[in-house]
Structures are given as C-alpha cells and as structure tokens.
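Enquirer: Need the 3D shape of this:
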Amino acid sequence: MAFVDILGYTAGAITSLTFLPQVIKTWKDKSAKDISMNMFLIAATNEVMWIVYGVLLNNWVIIATNTVVLAMSLIMISFKLRYK
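Expert: Numbering: from 1, shown residues only. Predicted coordinates for the structure are as follows:
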C-alpha cells in the first residue's frame, strides 16, 4: 500500500471520529439543549455532497469517511429533536 493510501485511510478514520465525543456526551446526558441544530444540518448537507463526490470519483475513502460522519450528524439531529 502506498504512503498516500495510508495517509488517506488514516485521515478518513480520524475524520470519522470528529462528532463521536459529542454523540456520546449527548447520549449520556440525555440533553441537547446547548447543541446547534443548524451546525448539524449544515454538516449533514455537506456530508451528502462529499458522498456524491466520492461516488463520482469512485473513491471509497471519501465515501466511507463521510458516510460515518453523516450517520453521526443524523444521530445528533435526532438527539436534538428528542432531548430538547
């Protein structure tokens, strides 16, 4: 595996963890009072665009990374609606 591939996979894995601490904290606290809904709506929209871009390029690092971040964004949106 080339260095550039290792770099891409590593960056993708780290990016995939971006929202995980917030998801865990919100789930444990059962509170999303101080969470910005707009931030996660923008993030979800952005992730969909990245996924489409990855599909068009047939780049699985982009697709996988952004699918995980989209899932976490959607979880945070659902927490925001549930734990007002």
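Enquirer: for this structure, longest helix please?
Expert: helix 60-82 (DSSP state H).
Enquirer: Over it, what's the mean pLDDT, rounded is fine.
Expert: In this model, helix 60-82 carries a mean pLDDT of 96.
Enquirer: Which positions in it come out as buried?
Expert: 61-70, 72-73, 75-77, 79-80 (16 or more other Cβ atoms under 10 Å). For every residue, glycine as well, the C-beta is placed using N, CA and C.
Enquirer: Repeat that for stretch 6-19.
Expert: G8, G12, T15, S16, F19.
Enquirer: Distance check, the spatially most central residue of the chain against G54.
Expert: Nearest to the mean C-alpha position of the chain, by Cα atoms, centre = their mean, lies V69 at 1.3 Å. The gap separating V69 from G54 is 12 Å, by Cβ to Cβ, to the nearest Å.
Enquirer: returning to what we had before: which strands and helices lie in contact with the longest helix of the chain?
Expert: helix 3-16, helix 20-29, helix 37-57 (3 or more Cβ pairs under 8 Å, 6 or more residues apart in numbering; DSSP states H and E).
Enquirer: Present these as CSV; the columns should include distance to K84.
Expert: Below are the helices and strands packed on helix 60-82 laid out as CSV (distance: least, Cβ to Cβ, whole Å):
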stretch, distance to K84
helix 3-16, 27
helix 20-29, 12
helix 37-57, 10
